[in-house]
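*Asks:* Fold the following for me, if possible:
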Amino acid sequence: MSTAPAASANENRRTQTEMRLGMQGQAGLSQPFLILLLSAAAIASLGLMTNNQSVVVGAMIIAPLMNPIQSFAFALAIDDYRLMRRSLLTLAFGVIATISTACLLNLATPYDLVDSEIISRTHPSLLDLLIALFAGVAGAYASIRKDIPNSIAGVAIAVALVPPLCVAGIALGTSGEVVTAFGIGQLNRWQILSGGFLLFLSNLVGICVASFTIYISYGFGSWKSLLKRLALLLVGVIVISWPLRITGRNEVASRTVSEQLQRIRQRYPNVTEQSQIRLVSVNVKGDQAHVTVLANAPDNVIADDYLDTLQQGLFQALRPLNVNRMNLTLRLNHARVHRLSIQ
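*Replies:* A predicted model of the protein is given here:
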């Protein structure tokens, strides 16, 4: 009786021959791949430009960009250089096609205003790498099992791939500077492009590493293959982790400032009643922090003592993050600006 579940599990697993044939099909540059990818890129780009999250999610569902990534990870595991090369060519074409589609759509608009759906994909952190690792595990496991539809894992993986590339393409199609819809000011298009592409690269590395490990652990290839590729995988993780660590520090600083800001506001009931915080942005470089707070509030509510308390309180909250200097910009109703500095 104890062997029945094991036998059933083995029946639901694909053999290496089945896996190889399936991955060869996924690695190819086919008409369905092109149509689905270009459609997903167009839908995601329009969803990002109109700040419509549900439209972006719709693009994630049909995007096939995870196919060549999975086949590349499988090729690494079984040392199939021909499949590896074919997968990389398809992936490279998919990346270029997605970015180009987003760029052309933005040029046709034209569109120089970015909103939260775009900005949220320009500050990746190590948490995004962890998400990609687990998405890679789910995708690789589903590709091995016959009883799990590939589309389930495909949605999870596509979430991490197409929208960031579209963000990079939209940035390429803008003018030198773009204006944020929520009033933080202007951003250089290269900031948006690099942030979106960094998110894509972090998810690409995470999915590849996780998928490769799952394929090896399920007997596709050998542990010798793992040792041969270990250096390459480690280099990829280390290289991508460094910039993610920097952006992750900014995320921690933003949360710290937001929490301290709420505590300060509670001490000033008149400010709390007549104002609303719309955005908090923190950029830490070395020991200096650049803090931007956007709020809806009448200017006569913001007194000098409140500004002094705000400046000192936020600075003290950032000190544990090795911040010794701080520039604070408080924007009110997209017009009135208070600039404070601690050196």
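*Asks:* What's the separation between H290 and L318?
*Replies:* 11 Å (Cβ to Cβ, to the nearest Å). Where you see a C-beta, it was placed from the backbone N, CA and C, and this is true even at glycine.
*Asks:* more crowded one of the two?
*Replies:* Set H290 next to L318 and count neighbours by other Cβ atoms under 10 Å: L318 wins out with 24 against 17.
*Asks:* Next up, phi/psi of the more buried one, please.
*Replies:* phi -90, psi -10 (degrees, to the nearest 10).
*Asks:* Can you give me the pLDDT of it?
*Replies:* On pLDDT, L318 comes in at 90.
*Asks:* from memory it sits against M326, does it?
*Replies:* Yes - look at L318 against M326 with Cβ atoms under 8 Å: they come within range, at 6.4 Å.
*Asks:* Any idea how many residues pack against L29?
*Replies:* By other Cβ under 10 Å, 15 other residues sit near L29.
*Asks:* Verify the assumption that it is located in a helix.
*Replies:* No - secondary structure of L29 (DSSP: H, G, I helix; E, B strand; the rest coil): coil, not part of a helix.
*Asks:* one step back: now list whatever residues contact both of H290 and L318.
*Replies:* Contact criterion Cβ atoms under 8 Å, 6 or more residues apart in numbering; residues bridging H290 and L318 by contacting each: 282, 284, 326.
*Asks:* The second one pairs with what?
*Replies:* For V284, the beta-bridge partners are A289 (DSSP bridges).
*Asks:* Could you report the distance from it to A132?
*Replies:* The value you get for V284 to A132, if Cβ to Cβ is used, is 24 Å.
*Asks:* and the two? which has more neighbours close in?
*Replies:* A count of neighbours by other Cβ under 10 Å puts A132 above the other of V284 and A132, at 29 against 21.
*Asks:* Name the nearest residue to the more buried one, ignoring sequence neighbours.
*Replies:* The shortest distance from A132 to any non-neighbouring residue, by Cβ to Cβ, 6 or more residues apart in numbering, is to G206 (2.7 Å).
*Asks:* Now do the helix or strand hosting that neighbour: which elements does it pack against?
*Replies:* Using DSSP states H and E, the element containing G206 is helix 189-217. On a contact count with 3 or more Cβ pairs under 8 Å, 6 or more residues apart in numbering; DSSP states H and E, helix 189-217 meets helix 66-78, helix 126-144, helix 162-172, strand 177-180, helix 223-266.
*Asks:* Between helix 223-266 and that helix, find me the angle.
*Replies:* Angle of helix 189-217 versus helix 223-266, following axes from the mean of the first three to the mean of the last three Cα atoms, to 10 degrees, is 140 degrees.
*Asks:* ok, N250 touching P124?
*Replies:* No - judged on Cβ under 8 Å, N250 makes no contact with P124 at a distance of 10.5 Å.
*Asks:* out of these two, which sits in the busier spot?
*Replies:* Using other Cβ under 10 Å as the criterion, N250 and P124 rank with P124 on top: 28 against 19.
*Asks:* For the host helix or strand of T292, give the mean pLDDT please.
*Replies:* Assigned by DSSP H and E, T292 falls within strand 288-296. Per-residue pLDDT values across strand 288-296 average out to 83.
*Asks:* for stretch 107-119, same thing?
*Replies:* For stretch 107-119, the mean pLDDT works out to 75.
*Asks:* what separates the nearest residue to R267 once chain neighbours are set aside from T98, distance-wise?
*Replies:* Distances taken as Cβ to Cβ, 6+ apart put T309 closest to R267, at 7.3 Å, once the chain neighbours are dropped. Distance of T309 to T98, given as Cβ to Cβ: 47 Å.
*Asks:* what comes into contact with stretch 199-208?
*Replies:* Defining contact as Cβ under 8 Å, 6+ apart, one finds that stretch 199-208 is touched by 66, 69-70, 72-73, 76, 95, 121-122, 124, 128-133, 135-136, 139, 157, 160-161, 164-165, 167-168, 233, 236-237, 240, 244.
*Asks:* can you check stretch 238-248 too?
*Replies:* 123-129, 195, 198, 201-202, 205.
*Asks:* Specify which member of these is nearest to T50.
*Replies:* The closest of the contacts of stretch 238-248 to T50 turns out to be G195 (Cβ to Cβ; 19.9 Å).
*Asks:* What distance do you get for that closest one to L46?
*Replies:* Applying Cβ to Cβ, the value for G195 to L46 is 20 Å.
*Asks:* These two: who's more crowded?
*Replies:* The neighbour comparison of G195 against L46 (other Cβ under 10 Å) goes to G195, with 24 against 19.
*Asks:* show me the contacts for I214.
*Replies:* By Cβ under 8 Å, 6+ apart, the contact list for I214 reads 136-137, 140-141, 144.
*Asks:* Of those residues - the most surrounded one?
*Replies:* That'd be G136 among these, by other Cβ under 10 Å, with 30 neighbours.
*Asks:* Setting the sequence-adjacent residues aside, check what's closest to it.
*Replies:* In space, G136 is closest to A210, 2.9 Å off (Cβ to Cβ, 6+ apart).
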